[in-house]
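Enquirer: Can you look at this prediction? I've put the sequence above it.
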Amino acid sequence: MGERWGESEVIANLFVGDLQDAQKFDGTIINVLPDVPHGEPAHAIHMPILARGVESLDRTAEVIADELARGHRVLVHCEEGCERAPLVVAWFLKTRRAMTLDDAYALLKSKRPIVEDRRRWLGIHNK
């Protein structure tokens, strides 16, 4: 990718970013990578989203909703903040904020232009 983005606030207190962002983020950190990378903050929550497909996304959306309801800042991160983490946030916006996936991805791309739409990983289009 080359260019450094820094975390991006998608809606109030909900951010998408990469591992470097997680290392300096003040709030709840959710790592959606398959493994815990070297340098991951010890207090980060590891929730690999492709482990169980939609079930994993639903569980992660629930954690995000709970943390936001407590008034916490939440960072969802993956390696570069352009595929897995945005998929999780798009799913959260769909299931918890009544957005379509098209609208959720449009919002994500407006806040973080490097976002890639990866709903096809789960066989999801605009449900």
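Expert: Happy to help now that I have it.

Enquirer: which ones are touching the residue most central in space within the chain?
Expert: Nearest to the mean C-alpha position of the chain, by Cα atoms, centre = their mean, lies A85 at 3.1 Å. Neighbour list for A85: 16-18, 32, 76-78 [criterion: Cβ atoms under 8 Å, 6 or more residues apart in numbering]. In short, each C-beta sits where N, CA and C put it, glycine included.

Enquirer: now do A65
Expert: Shown in contact with A65 (Cβ under 8 Å, 6+ apart): 92, 96.

Enquirer: Is P37 in a helix, a strand, or coil?
Expert: coil (DSSP: H, G, I helix; E, B strand; the rest coil).

Enquirer: can you map out the strands along this structure?
Expert: With strands called from DSSP state E, the chain shows them at 8-11, 14-17, 28-31, 45-46, 74-77.

Enquirer: just checking, what packs against the fourth one?
Expert: This means strand 45-46. strand 28-31 (3 or more Cβ pairs under 8 Å, 6 or more residues apart in numbering; DSSP states H and E).

Enquirer: From the contacts of A85, list just the buried residues.
Expert: Buried members of these, counted by 16 or more other Cβ atoms under 10 Å: 16-18, 32, 76-78.

Enquirer: would you list the residues you listed in a markdown table and tack on pLDDT and distance to T60?
Expert: Below are these laid out as a markdown table (pLDDT from 0 to 100; distance: Cβ to Cβ, whole Å):
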| residue | pLDDT | distance to T60 |
| --- | --- | --- |
| V16 | 97 | 13 |
| G17 | 96 | 15 |
| D18 | 96 | 17 |
| V32 | 96 | 7 |
| V76 | 98 | 8 |
| H77 | 97 | 12 |
| C78 | 95 | 12 |
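
Enquirer: Can you lay out the residues you listed as CSV showing distance to I45?
Expert: Formatted as CSV, the buried ones among the contacts of A85 follow (distance: Cβ to Cβ, whole Å):
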residue, distance to I45
V16, 15
G17, 14
D18, 16
V32, 10
V76, 10
H77, 11
C78, 13
